[in-house]
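J.: any chance you can model this:
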Amino acid sequence: MADRYPRLPPSGIKVLVVGAGFAGLAAAIECDRKGHSVTLLEKVDDIDEITAIGDIISFDPNGSKAFERWPGVVDAMEAIARQTKWLDLYHHEGKFVTRQSFAHETAWGRRINGHRGHLHRIMYDHAVARGIDIRLGLRVEDYFETDNPPQAGVVLSTGERLGADVVIAAEGVRSRGRKIVLGFDENPKSSGYAVYRAWYPAELIINNPVLRHLVADGDTHQGFIGPDIHFLASSIKNGTEVNWVFTHIDDGNIEESWQFPGKPEEALTYLPGWCPVVRELVKATPPGRLIDHKLVYRDPLPTFISPLARIALIGDSAHPFLPTSIQGASQSIEDGVVLAACLELSGRADVPRALRAFEKLRYGRVHRAQAQGPKTRERWHKADWAKVWANPELIHLPREPWLLNFDAEGDAYERYDEVVDVSKGEDKSKL
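T.: Numbering: from 1, shown residues only. Predicted coordinates for the structure are as follows:
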């Protein structure tokens, strides 16, 4: 089975990836493509604990370019993705404002918007089919790296130590790898916002006259914008499934947890005066299908790599995004693509050079992309409606070519030699 998938000759580089989310899977698959020997560690005992999670996730053209290089993956994803090339935007009281078309972006690549768990399963199954060594039920407690011998590794909860040439930390916002990179423990913070997320069968609303139009004729995508809240609703899989999300002010304690079961009646308390479509979507949500998810914030890191440059943070471990950026997932894919390519170009003889190049290639782009999230949230939550009615495009999502029309692998190959020659002390934001 594994030899069905193109890969470069063995590089001799042994890679440990910690975390089997989107970032970790992308890094593992890309490292396998480049001929590196990969072991992927994941703390859950059953991958269904991850793939059962149901809400929508978006990959823009810059992220989906990697899927094109993984045989069968992008077609499988598109088969279950939302089939719309537009977003209809409404005032929260129900008046239509504007339609934003994304049709021109097809020239840049594919937009994949679908069920988080189902898309994750496609990636996971591809990693398994490639023959990647995936070990479930292993919890990483600590990271280490040494100069002599030159290696990095992890310490499991059992006390066992696993070593490699490079370790990629992809466990998310509470990654234990952050301590060895930063030199101290540092806790995530609340962004001040949380998100209700729901996903359920369209049969629950098909007979509701207020909602039937959302699912009767295939997929739809709508947004409703009000004071300090934006509400997004989709139908997907030819109108057979429905999902909705909306932000709200969060006054909870991030130290306790950042995800709770939600109740429709609680969600409705944030929506007085909102239009019937929004309120009926919330009311229709069945028990067990609503999550109240805190949006976690991290201060921008001074670096993504450890002192000896053998451990790298990727995805949310390095740079958590707000959903309004619509780039968190795509940037995590880019991370894995670039790191695997840099390891290929450096070779086993100089893994630290690869990680330093990875950081220089990624640092400025990632933080520029991160900044889109708060800007879009403010564009919607603080909308000046007198100006919006005069110019509806003021509430369109920013869709910029520098961000979306981008090939991370091609950029890594093109700029690798340039960045390895840059002195370590140069401002990364200029790269």
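
J.: look up how far residue 245 lies from the most far-flung residue of the chain relative to its centre.
T.: The C-alpha centroid of the chain is most remote from residue 148, which lies 35.7 Å away (CA atoms, centre = their mean). According to CB to CB, to the nearest Å, residue 148 and residue 245 sit 50 Å apart. All C-beta spots, glycine's among them, are computed from the backbone N, C-alpha and C.

J.: residues in contact with the nearest residue in space to residue 372 that is not next to it in sequence?
T.: Here the nearest residue to residue 372 in space, its sequence neighbours aside, is residue 325; by CB to CB, 6 or more residues apart in numbering that works out to 4.5 Å. Shown in contact with residue 325 (CB atoms under 8 Å, 6 or more residues apart in numbering): 369, 370, 372, 373, 376.

J.: which one of the residues you listed is nearest residue 43?
T.: Within those, distances to residue 43 taken as CB to CB reach their minimum at residue 370, with 26.1 Å.

J.: so who does that closest one touch?
T.: Under the criterion of CB under 8 Å, 6+ apart, the contact partners of residue 370 comprise 300, 319, 321, 322, 325, 327.

J.: show me what residue 101 is bridged to.
T.: residue 86 (DSSP bridges).

J.: and the strands in the stretch 301-431 of the chain?
T.: For the stretch 301-431 of the chain, applying DSSP state E, counting those that start in this stretch gives strands covering 311-313.

J.: ranges for the helices of it?
T.: Counting by DSSP state H, counting those that start in this stretch, the stretch 301-431 of the chain forms helices over residues 328-346, 351-370, 372-381, 385-390, 401-404, 408-420, given from the N-terminal end onward.

J.: check those for me and report the most buried one.
T.: Highest mean neighbour count among these (mean count of other CB atoms under 10 Å): helix 328-346, with a mean of 27.

J.: the closest residue to residue 8 other than its chain neighbours: how many residues sit nearby?
T.: The shortest distance from residue 8 to any residue that is not its chain neighbour, by CB to CB, 6+ apart, is 3.8 Å, and that residue is residue 35. As a burial measure, residue 35 scores 16 neighbours (other CB atoms under 10 Å).

J.: what ranges do the helices span in the stretch 151-300 of the chain?
T.: Counting by DSSP H, counting those that start in this stretch, one finds helices in the stretch 151-300 of the chain at the ranges 177-182, 264-268, 276-283.

J.: list the contacts of the second one.
T.: Residues from elsewhere that reach helix 264-268, judged by CB under 8 Å, 6+ apart: 196, 246, 248, 279, 282, 283, 285, 290, 292.

J.: hmm, try it at 10 Å
T.: Outside helix 264-268, the residues within contact range by CB atoms under 10 Å, 6 or more residues apart in numbering are 196, 198, 231, 244, 246, 248, 260, 274, 278-279, 281-287, 289-290, 292.

J.: just the buried residues out of these, in ChimeraX syntax.
T.: Buried members of those can be picked out in ChimeraX with the line below, counting by 16 or more other CB atoms under 10 Å:
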select :196,198,231,244,246,248,274,278,279,281,282,283,284,285,289,290,292
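
J.: count the residues that sit near residue 34.
T.: Using other CB under 10 Å, residue 34 has 24 other residues around it.

J.: what about it, distance to residue 137?
T.: Computed with CB to CB, the distance linking residue 34 and residue 137 is 27 Å.

J.: domain-wise, how is this protein divided?
T.: In terms of domains, the chain is parsed into 2-83+108-187+299-381+398-430, 189-297 (source: automatic domain parsing).

J.: deepest in the core, which of the ones you listed is it.
T.: For these, ranked by mean neighbour count under the definition mean count of other CB under 10 Å, the leader is domain 2-83+108-187+299-381+398-430 at a mean of 19.

J.: chain center to that domain: distance?
T.: Its chain's C-alpha centre lies 10 Å from the corresponding centre of domain 2-83+108-187+299-381+398-430 when counted by CA atoms, centre = their mean, to the nearest Å.

J.: equivalent analysis for stretch 173-192, please.
T.: 18 Å.

J.: same question for stretch 231-251.
T.: 17 Å.

J.: with just CA atoms, put it into PDB.
T.: Listed in PDB are the C-alpha atoms of stretch 231-251, where the atom choice follows Å, rounded to 0.1, in the frame of the first residue of the first chain:
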ATOM      1  CA  PHE A 231     -23.500  34.600  13.400                       C
ATOM      2  CA  LEU A 232     -22.500  32.300  10.500                       C
ATOM      3  CA  ALA A 233     -24.800  29.500   9.200                       C
ATOM      4  CA  SER A 234     -24.200  26.900   6.500                       C
ATOM      5  CA  SER A 235     -25.900  23.900   5.000                       C
ATOM      6  CA  ILE A 236     -23.600  21.300   3.500                       C
ATOM      7  CA  LYS A 237     -23.500  17.900   1.800                       C
ATOM      8  CA  ASN A 238     -26.200  19.100  -0.700                       C
ATOM      9  CA  GLY A 239     -28.300  20.600   2.000                       C
ATOM     10  CA  THR A 240     -28.500  17.500   4.200                       C
ATOM     11  CA  GLU A 241     -26.500  18.900   7.200                       C
ATOM     12  CA  VAL A 242     -26.600  22.200   9.000                       C
ATOM     13  CA  ASN A 243     -24.000  24.100  11.100                       C
ATOM     14  CA  TRP A 244     -24.000  27.400  12.800                       C
ATOM     15  CA  VAL A 245     -21.400  29.300  14.900                       C
ATOM     16  CA  PHE A 246     -21.500  32.600  16.700                       C
ATOM     17  CA  THR A 247     -19.200  34.500  19.000                       C
ATOM     18  CA  HIS A 248     -20.100  36.000  22.400                       C
ATOM     19  CA  ILE A 249     -18.300  37.800  25.200                       C
ATOM     20  CA  ASP A 250     -16.600  35.300  27.500                       C
ATOM     21  CA  ASP A 251     -16.400  35.900  31.200                       C
END
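
J.: from residue 56, how far out is the one residue sitting closest to the centre of the chain?
T.: Nearest residue to the geometric centre of the chain (CA atoms, centre = their mean): residue 329, 2.1 Å. According to CB to CB, residue 329 stands 10 Å off from residue 56.

J.: now the common contact residues for these two.
T.: Listed contacts common to residue 329 and residue 56 are 116, 119, 323; contacts here mean CB under 10 Å, 6+ apart.

J.: nearest to residue 388, of those?
T.: residue 323 (21.1 Å).

J.: that closest one: what's it in contact with?
T.: Counted by CB under 10 Å, 6+ apart, residue 323 has contacts 55-58, 193, 195, 197, 230, 232, 245, 247, 293, 295, 329, 373, 376-377.

J.: one step back: where's the residue nearest to the centre of the chain relative to residue 111, distance?
T.: Here the criterion is CB to CB. By it, residue 329 lies 12 Å from residue 111.

J.: now do residue 336
T.: The spacing between residue 336 and residue 111, counted by CB to CB, is 19 Å.
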